[in-house]
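>>> Could you look at this predicted model? Sequence included:
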Amino acid sequence: MSDKTMTAEEAVSRLESGMTLGIGGWGSRRKPMALVRALLRSNVRDLTVVSYGGPDVGMLAAAGRIRRLVAAFVTLDSIPLEPHYRAARESGAFELMEIDEAMFMWGLHAAANRLPFLPVRAGIGSDVMRVNPGLRTVTSPYEDGETFVAMPALRMDAALVHLSRADRLGNGQYLGPDPYFDDLFCEAADAAYVSCERIVDTAELTKEAGPQTLLVQRHTVTGVVEAPNGAHFTSCAPDYGRDEAFQKRYASTPWPEFAARFLAGDEQAYQSAVGEEA
Amino acid sequence: MSEVARAALLPPTRAEYCVIACAEAWRDNGEVLAGPMGLIPSLGARLARLTFAPDLLLTDGEATIVRPDGTPEGWLPYRRHLTLVTGGRRHVMMGASQIDRFGNQNISCIGDWARPKRQLLGVRGAPVNTLNNPTSYWIPRHSRRVFVERVDMVCGVGYDHAAGARHHRIPRVVSDLGVFDFATDDRSMRLASLHPGVTVEQVREATSFDLAVPDEVPPTREPTAEELRLIREVLDPGGIRTREVGS
């Protein structure tokens, strides 16, 4: 069995401009920020980003890497509106496929199950249909005859997710209360890169936690990256909460200044700079 | 008389009428999840759970269904929450940056969607909520900018856009001025009750569209002494509610 461990740089080196990239987590929670930071250090651009959006979207938008975004919202949770995302939208910086968060989930399910679409009772009557003229409807072939949105599969070239633990083979574990949709992102993508707080032996994964915490299975994973504090400044329960002070700093500092201070060097330089702030 | 006992005798504040008006949204809902968004609806949901709606399910705001004392009694991560929505066993009270006379709601953006003047949160779950489970709204500052003739982006679906969808229902809209429903022939918004101290004129002045107003508008009901005690001593002893709604 193959050892899939790699560095964040190695993972990002497999990504190409123009790709469709899924990013796990939710809002400002358990986002694969170390991988996003590595992506920001690369030259990869023109991305279609698929995300329950948080600062991952804000940073990639601020850096001009997004050509198209698929999202139901972008938020920092404790700061409801993501300032860099807002600025990008208000300047018309990229295309947006704005869909409902349940439609988004069914799009992931469809992709993971190799279906072209799944019917969903959402979207009809709303302006989601107006701003996405490509969306089609489907009529129930049964007696009810109801009309649904045929939510197209959100198939992705690659997915990035951050988990609590993983082994070297790509089995990933979440120890927080919510899996979000990270397993679906991995299943819906042609390649998936899992960063984690700590790489441990397979046997250690279930020493203190039940097998139901093994969210991501190795057959859906291409690379495993050990990235302690890798979700910073988003939360990664139970290892750490959101760094609210740092998030405030991110939200209130002009992007070029923030990028120069925190993103000019490698991940280690980032973590050191964060430490100096605290 | 102790300070606590004296405080209980003070007349209800506007914020407390709002809590009561929100709590009433969940009356007779049965064993469903109360999905409050915002402080006053959260107080309302918990008040309802502690008094006249003991079967309600409440969350801790994350992935756990909890009893009023915080004891976990269920697991509700986002994906299961969405199942609860589509299964219809939830009554959510959402916010609205804009709402119109048929209950169309907008939290996505202000201005042209293609190039918004102000980007807001995004549609979030408003489209799925409004087609699947009862969706009420809470608006802490009733104004012409919120109660608009036409929303810029229909997120939550109103009665005119829902075309009689089988599970579509907007039980009530609560603002800092009153309670509104859609109990009219054309399912347009109607003033259902006024919070004490508010006039019909004030509401009309703060609403951009033509609001249905019955000849007799009842006042929002008074909280009971026990409800006031729960709000003041148990649910919000710090008085944070006055930050969302002043007097």
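Structure received.
>>> Every contact and neighbour count from this point should use C-alpha atoms.
Fine.
>>> Can you give the distance from stretch B:227-246 to the centre of its chain?
From the chain centre to the centre of stretch B:227-246 is a distance of 17 Å (CA atoms, centre = their mean, to the nearest Å).
>>> likewise stretch A:131-148?
29 Å.
>>> List the buried residues in that stretch.
Within stretch A:131-148, the residues that qualify as buried are A:131, A:138, A:147-148, counting by 16 or more other CA atoms under 10 Å in any protein chain shown.
>>> got it, and stretch B:57-69?
Result for stretch B:57-69 [16+ other CA under 10 Å]: buried residues B:57-59, B:63-68.
>>> same deal with stretch B:128-140?
Residues B:128-140 are the ones in stretch B:128-140 that count as buried (16+ other CA under 10 Å).
>>> Who are the contact partners of residue B:59?
B:33, B:35, B:65-66, B:76 (CA atoms under 8 Å, 6 or more residues apart in numbering or on different chains).
>>> In strands, which of these fall?
B:33, B:35, B:65-66 (DSSP state E).
>>> quick one: low-confidence ranges for chain B?
Residues of chain B meeting the criterion pLDDT under 70: B:1-8, B:247.
>>> how does it look with 90?
B:1-9, B:246-247 (pLDDT under 90).
>>> Output the set of residues of it in proximity to chain A.
B:62-64, B:77-79, B:82, B:86, B:113-129, B:131-132, B:153-157, B:161-163 (CA under 8 Å from any CA of the partner chain).
>>> Got a quick ChimeraX command for the buried subset of the residues you listed?
To isolate the buried members of the residues of chain B next to chain A in ChimeraX, using 16+ other CA under 10 Å:
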select /B:63,64,77,78,79,82,86,113,115,116,118,119,120,121,122,123,124,125,126,127,128,129,131,132,153,154,155,156,157,161,162
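>>> Would you state the strands of chain A in chain order?
Going by DSSP E, chain A shows strands at A:20-23, A:47-51, A:66-71, A:95-98, A:117-120, A:136-139, A:147-152, A:156-166, A:172-173, A:189-199, A:223-226.
>>> In JSON lines: those strands, plus mean pLDDT and distance to chain B.
Listed next are the strands of chain A as JSON lines, based on pLDDT from 0 to 100; distance: least, CA to the nearest CA, whole Å:
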{"stretch": "strand A:20-23", "mean pLDDT": "98", "distance to chain B": "16"}
{"stretch": "strand A:47-51", "mean pLDDT": "98", "distance to chain B": "12"}
{"stretch": "strand A:66-71", "mean pLDDT": "98", "distance to chain B": "8"}
{"stretch": "strand A:95-98", "mean pLDDT": "98", "distance to chain B": "7"}
{"stretch": "strand A:117-120", "mean pLDDT": "98", "distance to chain B": "9"}
{"stretch": "strand A:136-139", "mean pLDDT": "98", "distance to chain B": "14"}
{"stretch": "strand A:147-152", "mean pLDDT": "98", "distance to chain B": "10"}
{"stretch": "strand A:156-166", "mean pLDDT": "98", "distance to chain B": "16"}
{"stretch": "strand A:172-173", "mean pLDDT": "98", "distance to chain B": "16"}
{"stretch": "strand A:189-199", "mean pLDDT": "98", "distance to chain B": "19"}
{"stretch": "strand A:223-226", "mean pLDDT": "98", "distance to chain B": "25"}
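>>> got the CA positions of stretch A:134-154 in PDB?
These are the backbone C-alpha positions of stretch A:134-154, laid out as PDB (Å, rounded to 0.1, in the frame of the first residue of the first chain):
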ATOM      1  CA  GLY A 134     -28.300  27.000 -17.400                       C
ATOM      2  CA  LEU A 135     -30.300  25.300 -14.600                       C
ATOM      3  CA  ARG A 136     -32.900  22.800 -15.800                       C
ATOM      4  CA  THR A 137     -36.000  21.400 -14.200                       C
ATOM      5  CA  VAL A 138     -37.300  17.800 -14.200                       C
ATOM      6  CA  THR A 139     -40.800  16.500 -13.700                       C
ATOM      7  CA  SER A 140     -41.500  13.600 -11.400                       C
ATOM      8  CA  PRO A 141     -42.400  10.500 -13.600                       C
ATOM      9  CA  TYR A 142     -44.800   9.400 -10.800                       C
ATOM     10  CA  GLU A 143     -48.300  10.400 -10.000                       C
ATOM     11  CA  ASP A 144     -47.400  13.500  -8.100                       C
ATOM     12  CA  GLY A 145     -46.000  15.100 -11.200                       C
ATOM     13  CA  GLU A 146     -44.100  17.700  -9.200                       C
ATOM     14  CA  THR A 147     -41.400  19.800 -10.800                       C
ATOM     15  CA  PHE A 148     -37.900  19.900  -9.300                       C
ATOM     16  CA  VAL A 149     -34.600  21.500 -10.100                       C
ATOM     17  CA  ALA A 150     -32.300  19.100 -11.800                       C
ATOM     18  CA  MET A 151     -29.200  20.000  -9.800                       C
ATOM     19  CA  PRO A 152     -26.200  19.300 -12.000                       C
ATOM     20  CA  ALA A 153     -23.300  17.300 -10.600                       C
ATOM     21  CA  LEU A 154     -20.500  19.400  -9.100                       C
END
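>>> follow-up on the earlier one: right, and the strands of chain A - which one's nearest residue A:274?
strand A:189-199 (16.8 Å; CA to CA).
>>> Tabulate the CA atom coordinates of the closest one in CSV.
Taking C-alpha atoms only, strand A:189-199 is exported to CSV below (Å, rounded to 0.1, in the frame of the first residue of the first chain):
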residue,chain,number,x,y,z
ALA,A,189,-13.3,15.1,-7.1
ASP,A,190,-10.8,13.3,-9.4
ALA,A,191,-8.0,14.0,-6.9
ALA,A,192,-8.2,14.9,-3.2
TYR,A,193,-5.5,16.4,-1.0
VAL,A,194,-6.1,16.0,2.7
SER,A,195,-4.2,18.1,5.2
CYS,A,196,-4.4,17.2,8.8
GLU,A,197,-3.3,18.4,12.2
ARG,A,198,-1.3,15.2,12.8
ILE,A,199,-0.4,12.1,10.8
